[in-house]
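K.L.:
The amino acid sequence is not available; the structure is as follows:
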């Protein structure tokens, strides 16, 4: 097991009248090499779970293990040494005010000291270019442009490449195609799958796109109000269709009193 | 005619000296996006440290380094207050500035026989020893040594900063101001980066204080009043006036901005503005520069949207 969440309790606005309990003894684990698609309605706890794993939020109780070692108290930037993350907002995964090349030079140095050596090593540029060529977006010809001048799709592709530049053990995709147009979104998903297959990296992907959830990955998890209500592995997942997931969503909706 | 040349000369001298301060504020305000008010305290700290050391016979070139480190230490405190104790940036600056008001006075009282101003006229300074001594004192009746040494100092600082910004540490500093989450994803603590940036910014401010004190031959607490406004105005004027020049570096724009700002001030004084109004003029000019630069940006953004 590469990742384990044990008896996690997460309460928002604890001790106020707005107190909401999201996770009550929440358990979740991921095996080495799994590509897990995670779906669920808004407020089901998908993003909070990712935040707890990455360390950008803390749980009130419970323990988190990575490769058998406890990381519950480890700060977010220390966890980033082995976790790569791509956010929904393409602006978060890159630095707008810097060039593509500068962004990549920084990412290339992840895990090493940031001292007084020159950041851009000309010998590495060809390697960066080969990484960008895989995106098939013409990014390799825009290396000296500021990232802020790229389109959302290009920025997100760059963010994905950057997250995978150094050896990471876990890739977190937080609705990373949601802010893109349908065409860019499709390209992004294709690129994501290619990268994951190539590196064999363990991945958690939160998505609202049920088709992507069904088509990609080898495990499917559905969350609702802080619980995992569907957990389908390899064979079961293959048999699942978008319609089945839609039916479950509708059933939950009626249960919660939102039905038509 | 010679009066006019003299005004130009003094404007350039002061422009170059205050450019070092402006470069410091460029680091904190533009690169790091941290409004740092501690500069009003670290600039005179640099001046006072230099004055006290020169009075004790320390080489004035070494005094520059000592002042830089004294200022950098002030910057570390500002940064630590923000990063470790989570105090708002503006408040951190005010707190360090207020603390330095006392520290600067205590330094003067302890090491300068209880006076609040440290004078070292005719003592060795960077303007009359070392490289400074190699420069001819005057050409055609104009005393040019100060101009050349201050130009040299401003260029040295600009080039060193340019080089630093190309290093891994420098690039990480730029990323910190740009997108903190990106720094976290690089498995680096953005807090450390911020502290380094504030140390550099205040180091530059104190270095400017040292150079200015050496040119005046004295140092006191009053020197620091209005330095944040002066430095920031230079940064904003420089970045908005010279933006159109192709391939110009931001640091060059800041140095030029400092000269333009000083030129406007000396023109106003030459036209007969009483000196009491100088700080008011500084503040008004700052507002004008800020508003003009914001208008320009707005105008630029519209067609892109």
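P.N.:
Nice, I can see it. What you see is a predicted model, and the numbers here were worked out from it, not measured in a lab. Residues are numbered from 1 along each chain as shown, chains lettered A, B, ... in the order given.

K.L.:
Leaving out sequence neighbours, find the closest residue to residue B:169.
P.N.:
In space, not counting the residues next to it along the chain, residue B:169 is nearest to residue A:114; the distance is 5.0 Å by CB to CB, 6 or more residues apart in numbering or on different chains. For every residue, glycine as well, the C-beta is placed using N, CA and C.

K.L.:
those strands in the stretch 1-150 of chain A, which residues are they?
P.N.:
Counting by DSSP state E, counting those that start in this stretch, the stretch 1-150 of chain A forms strands over residues A:3-12, A:20-30, A:35-40, A:61-66, A:69-70, A:83-86, given from the N-terminal end onward.

K.L.:
How far away from the center of its chain is the shortest one?
P.N.:
The chain centroid and the centroid of strand A:69-70 are separated by 21 Å, computed with CA atoms, centre = their mean, to the nearest Å.

K.L.:
follow-up on the earlier one: out of the strands of the stretch 1-150 of chain A, indicate the one that is most buried.
P.N.:
Across the strands of the stretch 1-150 of chain A, the average number of neighbours (mean count of other CB atoms under 10 Å in any protein chain shown) peaks for strand A:83-86, which reaches a mean of 26.

K.L.:
of all the strands of the stretch 1-150 of chain A, which lies closest to residue B:264?
P.N.:
Distances from residue B:264 to each of the strands of the stretch 1-150 of chain A were compared using CB to CB; the shortest belongs to strand A:83-86, at 48.1 Å.

K.L.:
residues in contact with residue A:104?
P.N.:
Residue A:104 makes contact with A:128, A:131, A:143, A:161-162, A:165, according to CB atoms under 8 Å, 6 or more residues apart in numbering or on different chains.

K.L.:
roughly how far apart are it and chain B?
P.N.:
Using CB to the nearest CB, to the nearest Å, one obtains 11 Å as the distance from residue A:104 to chain B.

K.L.:
Check that residue and give its pLDDT.
P.N.:
For residue A:104, the model assigns a pLDDT of 97.

K.L.:
For residue B:41, the count of nearby residues, please.
P.N.:
Residue B:41 has 30 neighbouring residues, counting by other CB atoms under 10 Å in any protein chain shown.

K.L.:
Do a quick rundown of the helices in chain A.
P.N.:
Listed from the start of the chain, chain A has helices (DSSP state H) covering A:46-54, A:76-79, A:100-108, A:125-133, A:152-163, A:182-199, A:210-215, A:234-239, A:242-255.

K.L.:
and what of the stretch 1-150 of chain B?
P.N.:
For the stretch 1-150 of chain B, the helices identified by DSSP state H, counting those that start in this stretch occupy B:2-25, B:39-55, B:60-85, B:89-111, B:131-134, B:145-166, in order along the chain.

K.L.:
Please identify the most buried of these.
P.N.:
Scoring those by how many neighbours each averages, mean count of other CB under 10 Å, gives helix B:39-55 as the top one, at a mean of 29.

K.L.:
just to revisit the earlier point, near chain B, from the contacts of residue A:104?
P.N.:
Restricting the contacts of residue A:104 to those within reach of chain B (CB under 8 Å from any CB of the partner chain) leaves nothing.

K.L.:
thought residue A:14 was touching residue A:60?
P.N.:
Yes - here residue A:14 reaches residue A:60: they are 6.7 Å apart, a contact under CB atoms under 8 Å.

K.L.:
Among the contacts of residue A:104, find me the one that's closest to residue A:19.
P.N.:
residue A:162 (38.2 Å).

K.L.:
So which bits of chain A are right by chain B?
P.N.:
Counting by CB under 8 Å from any CB, chain A sits next to chain B at A:75-78, A:80-81, A:84-85, A:87, A:91-98, A:102, A:105-107, A:109-111, A:113-120, A:163.

K.L.:
Low-confidence bits of the stretch 201-305 of chain B, can you list those?
P.N.:
Within the stretch 201-305 of chain B, the stretches with pLDDT under 70 are B:296-305.

K.L.:
Could you pull out the helices in it for me?
P.N.:
Counting by DSSP H, counting those that start in this stretch, the helices of the stretch 201-305 of chain B are B:227-241, B:250-270, B:278-304.

K.L.:
Looking at those helices, spot the one closest to residue A:56.
P.N.:
helix B:278-304 (30.4 Å).

K.L.:
For the helices of chain A, which has the smallest mean pLDDT value?
P.N.:
Sorting the helices of chain A by mean pLDDT places helix A:242-255 lowest, at a mean of 86.

K.L.:
hmm, who's touching it?
P.N.:
The list of residues contacting helix A:242-255 from outside it, by CB under 8 Å, 6+ apart, reads A:39, A:41, A:210-211, A:213-214, A:222, A:224, A:229-230, A:259.

K.L.:
could you dump the residues you listed to TSV with distance to residue B:137?
P.N.:
Listed next are those as TSV, based on distance: CB to CB, whole Å:
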residue	distance to residue B:137
A:39	79
A:41	80
A:210	82
A:211	81
A:213	79
A:214	83
A:222	83
A:224	83
A:229	86
A:230	86
A:259	92
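
K.L.:
Please report phi then psi for residue A:19.
P.N.:
Torsion angles at residue A:19 (phi, psi; degrees, to the nearest 10) stand at phi -60, psi 130.

K.L.:
Not counting its neighbours along the chain, what's nearest residue A:192?
P.N.:
With CB to CB, 6+ apart as the criterion, residue A:192 has its nearest non-adjacent residue at 6.2 Å, and that residue is residue A:160.

K.L.:
I appreciate the help and will end here.
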